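Enquirer: quick check, what structure comes out for this input:
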Amino acid sequence: MMDEGGGRLDLPGASMESARASEAQASESRALRHLENGSSSAPGERLHNAAIAAACKILSVRARTEKELRDSLAKKGFSPVHIDDAVAEMIRRGYIDDVDAANRWASSCVEERRYGARGIALRLVRRGIDPDLADRAARLAYEAAGLQEFEVALELAERRVGTEEFTNDDSRRRAVRRVAGFLARRGFGTEAIARVVRELSGDAI
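Expert: As a prediction, this is how the structure comes out:
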């Protein structure tokens, strides 16, 4: 899984993803054979089969959300109708499941101590996950891990501040403020950030 700037949605449960990818790859091969054997079929049917083959190929590389698959197919020049058909077929086969993807990615972020709940939800929305589903996945991930945002934020902050040397209180204040900005960008709530600032600052603020 790539960091916030990347587009990957690779998640824990690698064996499940590998199985889905292998199945999608096999489906791609079958679809391509069907295309070759049906060269005399109507153009609409050929495009329908081509869109399905392309979708299988895309999903055989890595997991995608529905939006990501739609965007990839659109870039390949498929019409909205054929994209709709291909996406519906991928959902029917179980190759796309935005609920499962959102829950697993959110859990991964919490387990790896990477983002606050708001940050997780925002990144899921960017990948095409419904906002309500994204919020729910982020909240449930924290609940399932038995963690509070403050705990994760403090751990991240201590790792960053712990590498710095302070010559005086002013230098420590500046470092703590930088960390507060970092945590805000990672989507931690204001209450959690304020607690972290108090914890790290001691008498320096």
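
Enquirer: make it CA atoms for all contacts and neighbour counts henceforth
Expert: Will do.

Enquirer: next, count neighbours for residue 107.
Expert: Residue 107 sits with 24 neighbouring residues when counted by other C-alpha atoms under 10 Å.

Enquirer: likewise residue 156?
Expert: 19.

Enquirer: I figured it was touching residue 112, is that so?
Expert: No: counting by C-alpha atoms under 8 Å, residue 112 is not a contact partner of residue 156; they are 10.2 Å apart.

Enquirer: pLDDT score for residue 40?
Expert: For residue 40, the pLDDT comes out at 47.

Enquirer: no wait, residue 121
Expert: For residue 121, the predicted pLDDT is 97.

Enquirer: could you do residue 177 as well?
Expert: 88.

Enquirer: leaving out the residues flanking it, which one is nearest to it?
Expert: residue 197 (7.7 Å; C-alpha to C-alpha, 6 or more residues apart in numbering).

Enquirer: got a list of what that neighbour touches?
Expert: 176-177, 180 (C-alpha atoms under 8 Å, 6 or more residues apart in numbering).

Enquirer: so how far is residue 92 from residue 69?
Expert: 14 Å (C-alpha to C-alpha, to the nearest Å).

Enquirer: name the residue in the two with the higher neighbour count.
Expert: Comparing residue 69 with residue 92 by other C-alpha under 10 Å, the one with more neighbours is residue 69, at 23 against 11.

Enquirer: isn't that one up against residue 89?
Expert: No: with contact defined as C-alpha under 8 Å, residue 69 does not reach residue 89; the gap is 12.0 Å.

Enquirer: neighbours of residue 189, just the number please.
Expert: Based on other C-alpha under 10 Å, the number of other residues close to residue 189 is 17.

Enquirer: pLDDT value on it, please?
Expert: At residue 189, pLDDT is 95.

Enquirer: surely it touches residue 120?
Expert: No: with contact defined as C-alpha under 8 Å, residue 189 does not reach residue 120; the gap is 11.7 Å.

Enquirer: not counting its neighbours along the chain, what's nearest residue 111?
Expert: residue 145 (7.3 Å).

Enquirer: and the one you found, what is it in contact with?
Expert: Applying C-alpha under 8 Å, 6+ apart, the residues near residue 145 are 107, 110-111.

Enquirer: what residue ranges in the chain score low on pLDDT?
Expert: Residue ranges of the chain with pLDDT under 70: 1-43, 162-169, 202-205.

Enquirer: break it into its domains for me.
Expert: Per the record, the chain has its domains at 14-93, 98-145, 149-204, by automatic domain parsing.

Enquirer: most packed of the ones you listed?
Expert: domain 98-145 (a mean of 20; mean count of other C-alpha atoms under 10 Å).

Enquirer: now do the helix or strand harbouring residue 54: distance to the chain's middle.
Expert: Using DSSP states H and E, residue 54 falls within helix 43-61. Using C-alpha atoms, centre = their mean, to the nearest Å, the mean C-alpha position of helix 43-61 is found 24 Å from that of the whole chain.
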